[in-house]
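**Student:** Task: produce atomic coordinates for the following.
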Amino acid sequence: MPLDHRRVRGPEESQPPELWGGTRKDEEEEEDEDEAPRDPCALRPLFVRAGLLSQAEGSAYLELGGGTKVLCAAWGPREAGELGATGGGQLLCEFRRAPFAGRGARWRPGTATEREAEREAAAALREALEPAVRLSRYPRARLAVSALLLQDGGSALAAAISAAALALADAGVEMYDLAVGCALCRSSGPAAPWMLQPAEPEERRAVARLTVALLPALNQVSAVLGGGQGSPPDTWAQALRLGIDGCHRLYPVLRQSLLRAARRRDAAAATTA
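**Tutor:** Numbers count the residues shown, from 1 in each chain. Predicted structure coming up:
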């Protein structure tokens, strides 16, 4: 009898995948236990570069030491049409996660949960950026910024806020100041401290989370986003002060990146001329 080469023969012995379901979880727990404790007020190493994409009018790439990687692009101002016939300009924000950004089965691409999380993150991004942009200078115009999360290593929304503000400034959009984002989290326990720029394992164990967006030059908070339980009001005030201090410490790094991008653009224009 001739063989059917269109069929793939399976192994003679097989085992159900449920037997291996706990392997990944055990590995994650071991990684969490092996992680060395760090100073809760210490900031993670930060790498940021503006003017990275030639296809966009403004762009920025930001990477945190915990593994978070965000790429942002900005466009505008462009004519808004009938939607922007009255009032000031419009700021459109988009937040997307790459299919490989999550860890394990935490995120499934295309699911309703992921789409809802992306819409909430986009709304939070707009809330944090709108006070920093001079929308009154762009009547009947539309500005757009898109954030792509390449890898989620913790503090993803705060990183997206900083990168998006840097991309808008790189695009030449008039702004009052750069919006700087800083995330915090707190694990269970009465004496547990707030952690600045938490990594993904720290966020997974947290019972309370907070993201602060600040305009450092004006010393104005543009957004406070968070939630949780088991934390008295005094600890939330302490977390807000800690987040504001973290934003002030991140601000010089973002400014230097913007200045370097402007110098590279001027050098390229001089070479072309």
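
**Student:** Quick one: mean pLDDT over stretch 233-245.
**Tutor:** Mean pLDDT, stretch 233-245: 87.

**Student:** Now for Arg204, how many residues are close by?
**Tutor:** 15 (other CB atoms under 10 Å). C-beta here means a position set from N, CA and C on the backbone, and glycine is covered the same way.

**Student:** Got phi/psi on it?
**Tutor:** phi -70, psi -30 (degrees, to the nearest 10).

**Student:** same thing with the one 5 residues further on?
**Tutor:** Its backbone dihedrals place Arg209 at phi -130, psi 150, with angles given as degrees, to the nearest 10.

**Student:** Let me know the distance separating it from Ser187.
**Tutor:** 11 Å (CB to CB, to the nearest Å).

**Student:** And for Arg204?
**Tutor:** To Ser187, Arg204 is 10 Å away according to CB to CB.

**Student:** what helices or strands is the biggest helix by length in the chain leaning on?
**Tutor:** Determined from DSSP state H, the single longest helix within the chain is helix 233-272. Secondary structure elements in contact with helix 233-272, counted by 3 or more CB pairs under 8 Å, 6 or more residues apart in numbering; DSSP states H and E, are strand 46-50, helix 156-170, strand 180-187, strand 194-196, strand 206-215, strand 220-228.

**Student:** now the angle between helix 156-170 and the first one, please.
**Tutor:** This means strand 46-50. Going by axes from the mean of the first three to the mean of the last three CA atoms, to 10 degrees, strand 46-50 is angled at 30 degrees with respect to helix 156-170.

**Student:** And for the third one?
**Tutor:** Calculated by the same axes, to 10 degrees, strand 180-187 forms an angle of 180 degrees with helix 156-170.

**Student:** The last one now?
**Tutor:** For strand 220-228 against helix 156-170, the angle between stretch directions is 160 degrees (the same axes, to 10 degrees).

**Student:** Can you tell me the strand partners of strand 220-228 and which way each runs?
**Tutor:** According to DSSP bridges, strand 220-228 has the following sheet partners: strand 206-215 (antiparallel).

**Student:** CA atoms only: put the partner strand into PDB for me.
**Tutor:** What follows is strand 206-215, C-alpha atoms only, in PDB (Å, rounded to 0.1, in the frame of the first residue of the first chain):
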ATOM      1  CA  ALA A 206       2.500  44.700  43.600                       C
ATOM      2  CA  VAL A 207      -0.900  45.500  45.300                       C
ATOM      3  CA  ALA A 208      -0.700  49.200  44.500                       C
ATOM      4  CA  ARG A 209       0.600  51.000  41.400                       C
ATOM      5  CA  LEU A 210       1.100  54.700  40.500                       C
ATOM      6  CA  THR A 211       2.300  56.500  37.400                       C
ATOM      7  CA  VAL A 212       3.100  60.200  37.600                       C
ATOM      8  CA  ALA A 213       3.600  62.600  34.700                       C
ATOM      9  CA  LEU A 214       5.300  65.900  35.400                       C
ATOM     10  CA  LEU A 215       6.300  69.000  33.600                       C
END
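
**Student:** Can you name the residues bridging to Arg142?
**Tutor:** Applying DSSP bridges, one finds that Arg142 bridges with Arg78, Gln90.

**Student:** where does the chain have low pLDDT?
**Tutor:** Where the chain drops to pLDDT under 70, the residues are 1-12, 14-37, 81-87, 103-112, 190, 230-231, 273.

**Student:** re earlier: how about the helices and strands packed on helix 233-272 in JSON lines, adding distance to Val70 and mean neighbour count?
**Tutor:** Below are the helices and strands packed on helix 233-272 laid out as JSON lines (distance: least, CB to CB, whole Å; neighbours: other CB atoms under 10 Å):
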{"stretch": "strand 46-50", "distance to Val70": "10", "mean neighbour count": "19"}
{"stretch": "helix 156-170", "distance to Val70": "5", "mean neighbour count": "29"}
{"stretch": "strand 180-187", "distance to Val70": "10", "mean neighbour count": "26"}
{"stretch": "strand 194-196", "distance to Val70": "18", "mean neighbour count": "24"}
{"stretch": "strand 206-215", "distance to Val70": "14", "mean neighbour count": "22"}
{"stretch": "strand 220-228", "distance to Val70": "16", "mean neighbour count": "17"}
